[in-house]
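In: sequence and predicted structure below; questions after.
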Amino acid sequence: MEALTELAYALDTFYFLVMGAFVMWMAAGFAMLEAGLVRAKNTAEILTKNITLYAIASIMYMLVGYNIMYPGEGVNSFWPGISFLLGGDNTAEEVLASGGDIYYSNLSDFFFQVVFVATAMSIVSGAVAERMKLWSFLLFAVVMTAFIYPMQGYWKWGGGFLDAKGFLDFAGSGVVHLTGATAALAGVILLGARKGKYTADGKVTAIPGANLPLATLGTFILWLGWFGFNGGSELVVSNVAEANAVAMVFVNTNTAAAGGVVAALITSRLWFGKADLTMALNGALAGLVAITAEPLTPSPELATIIGAIGGIIVVFSIVFMDKIKIDDPVGAISVHGTVGMWGLLAVCLSNSDATLGAQLLGLVTIFVWVFVASLVTWMVVKVIMGLRVSEEEEMEGVDIGECGLEAYPEFTKSN
Amino acid sequence: MKLVTAIIKPFKLDDAREALSEVGVQGMTVTETKGFGRQKGHTELYRGAEYVVDFLPKIKLEVAVSDDKVDEVVSAISKAASTGKIGDGKIFVLDLGQVVRIRTGETGDDAL
């Protein structure tokens, strides 16, 4: 009997670790997706941003973020209190004495959570691409991963007031995706559009990405990583009911992405006359974001539809953002923000515990907190070191200006 | 001696090469380039935003020939590279002041 308990603990711990590793791999997905959708002269810089933000998230969340988000017992349901560094882990005696309450390693929980912070932070890098100073972005990342993300995370997953009010968010359409997109939106508003993106007579200039194979590879990597993102968020696998639940989550995650691709591609064909690959890629991600708030309770058919609606929304949102002059080179704000909101509301379609009121409360709370906190942070960063590279550097490409090297040195530089 | 320079559509390169071979031209220089003429560009959409494609990919073909072969060569390229649609290109005939074969030092018509 004891051996079984220990085995279940080991299995669930292992599950956290492996699913966490899948989500870590999403960092590579974001890096490739973004590298593929920016211009060649800005590719090395965005890759530097991506790998460094992952490192910063790992460190800051370990130092202080994790304890803010999961204090165990917060000071109150709004304020978690602050403490530093990670605690110890469970002994076998403690596990056996807990009657099933302690069923995974504490550090495995940290590991599983830290990769989610990195995902949220990574959403920002694409939206501010091609014209933000690298170090300004990294400074923002320190604050976002240490404080802004953990605070709203506490309010839901850490047991704070949003959780108490019945707000549901299985794997983070709100806590992760809407959060990342909102921080990005605040940044982009302060930063401004790329030079030449919006002309004086109201036209939108197309700025095509340099490497669509990389963008596609990145999307597939994100799709794969998402099985960890949603699958791992079931948090347990070691009995029949939970194993089945995990399987359902995997299936729904996959089929929502599929729905997103098809819907986005058809929308693109009908609206633009051609099958825009970049819209199909954003469609897959939109489908994934849409199902992330509730991948367990829908049937696979409903999950497909939820994903498909996400795929349609994202195409319209991307064009709309350009209309209101929010320049987002990779569509991150649309994929993770607009569709993140859809994902939170879609929970009501299949989960009888969800109420529209609680979902809206969560949506608005997260948006307002993250937007205001991010805006303030971006402003402070702007005062300290500026946000935007010089016009000359923007023309030359941030690879040279910020990184001192080129991503594709042997290809002739085009405009 | 003349330098015959032709701007042609990229997919016509093989046809032009064969045609030149048939009239006895042994060597040529090929450059990838872009250009447009009186044709207007067309527009495409990228994520809903229009962009104009006016510079279209072209191939620049250069052949050095002796004066007595010029008409033959121009005619061969012209026929081979023609599709009848806009964007077929142009041929320029320039005077060549001197030609040298680097390996042997031959000059003039012997170097062609």
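Out: Okay, I see it.
In: show me which residues of the helix ranked longest in chain B are buried.
Out: Secondary structure of chain B read by DSSP state H shows that its longest helix is helix B:70-81. Within helix B:70-81, the residues that count as buried by 16 or more other Cβ atoms under 10 Å in any protein chain shown are B:Val70, B:Val73, B:Val74, B:Ala76, B:Ile77, B:Ser78, B:Ala80, B:Ala81. The C-beta positions use only the backbone N, C-alpha and C, and glycine is treated the same way.
In: any idea what the nearest residue to the first one once chain neighbours are set aside is bridged to?
Out: Counting by Cβ to Cβ, 6 or more residues apart in numbering or on different chains, the nearest residue to B:Val70 once its immediate chain neighbours are dropped is B:Lys2, at 5.0 Å. Under DSSP bridges, the beta-bridge partners of B:Lys2 are B:Val65, B:Asp95.
In: just for chain A, where's the confidence low?
Out: A:411-415 (pLDDT under 70).
In: who in it is up against chain B?
Out: A:203-208, A:271-274, A:276, A:278-279, A:315, A:318-319, A:322, A:331 (Cβ under 8 Å from any Cβ of the partner chain).
In: so what's the residue lying farthest from the centre of chain B closest to, chain neighbours aside?
Out: Largest separation from the mean C-alpha position in chain B: B:Gly48, at 36.1 Å (Cα atoms, centre = their mean). Spatial nearest neighbour of B:Gly48, excluding adjacent residues (Cβ to Cβ, 6+ apart): A:Val319 at 4.1 Å.
In: with just CA atoms, put the host helix or strand of that neighbour into CSV.
Out: Here A:Val319, judged by DSSP states H and E, is contained in helix A:300-323. Extracted C-alpha coordinates of helix A:300-323, given in CSV (Å, rounded to 0.1, in the frame of the first residue of the first chain):
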residue,chain,number,x,y,z
PRO,A,300,-14.1,17.1,-28.9
GLU,A,301,-16.7,18.5,-31.3
LEU,A,302,-17.4,21.5,-29.2
ALA,A,303,-13.6,22.0,-28.6
THR,A,304,-13.1,22.1,-32.4
ILE,A,305,-15.8,24.8,-32.7
ILE,A,306,-14.4,26.8,-29.8
GLY,A,307,-11.0,26.7,-31.6
ALA,A,308,-12.5,27.6,-34.9
ILE,A,309,-14.3,30.6,-33.5
GLY,A,310,-10.9,31.6,-32.1
GLY,A,311,-9.4,31.2,-35.6
ILE,A,312,-12.0,33.5,-37.1
ILE,A,313,-11.7,36.1,-34.3
VAL,A,314,-8.0,36.3,-34.7
VAL,A,315,-8.1,37.2,-38.4
PHE,A,316,-10.5,40.0,-37.7
SER,A,317,-8.6,41.2,-34.7
ILE,A,318,-5.3,41.3,-36.6
VAL,A,319,-6.8,43.6,-39.2
PHE,A,320,-8.6,45.6,-36.6
MET,A,321,-5.4,46.3,-34.6
ASP,A,322,-3.8,47.7,-37.8
LYS,A,323,-6.9,49.9,-38.3
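In: tell me the helix or strand right after that helix.
Out: Assigned by DSSP H and E, the successor of helix A:300-323 is helix A:332.
In: that next one: how far from the chain's middle?
Out: Distance of helix A:332 from the chain centroid (Cα atoms, centre = their mean, to the nearest Å) equals 9 Å.
In: helices or strands next to the lengthiest helix in chain A in the packing?
Out: If each helix of chain A is counted by residues according to DSSP H, the longest one is helix A:2-37. In terms of contacts (3 or more Cβ pairs under 8 Å, 6 or more residues apart in numbering or on different chains; DSSP states H and E), helix A:2-37 is packed against helix A:43-60, helix A:92-97, helix A:106-127, helix A:212-232.
In: since we're on residue 51, how many residues are nearby?
Out: I'll assume chain A. 12 (other Cβ atoms under 10 Å in any protein chain shown).
In: could you do chain B instead?
Out: 15.
In: you'd agree it is in a strand?
Out: Yes: B:Tyr51: assigned to a strand according to DSSP: H, G, I helix; E, B strand; the rest coil.
In: is it in contact with B:Thr43, as I believe?
Out: Yes: the pair B:Tyr51 / B:Thr43 is scored as a contact, 6.7 Å apart, by Cβ atoms under 8 Å.
In: skipping adjacent residues, who's closest to residue 106 in space?
Out: Went with chain A since none was named. Per Cβ to Cβ, 6+ apart, closest to A:Asn106 is A:Asp89, 4.9 Å.
In: if you could check chain B rather than the one you did, that'd help
Out: B:Val100 (7.3 Å).
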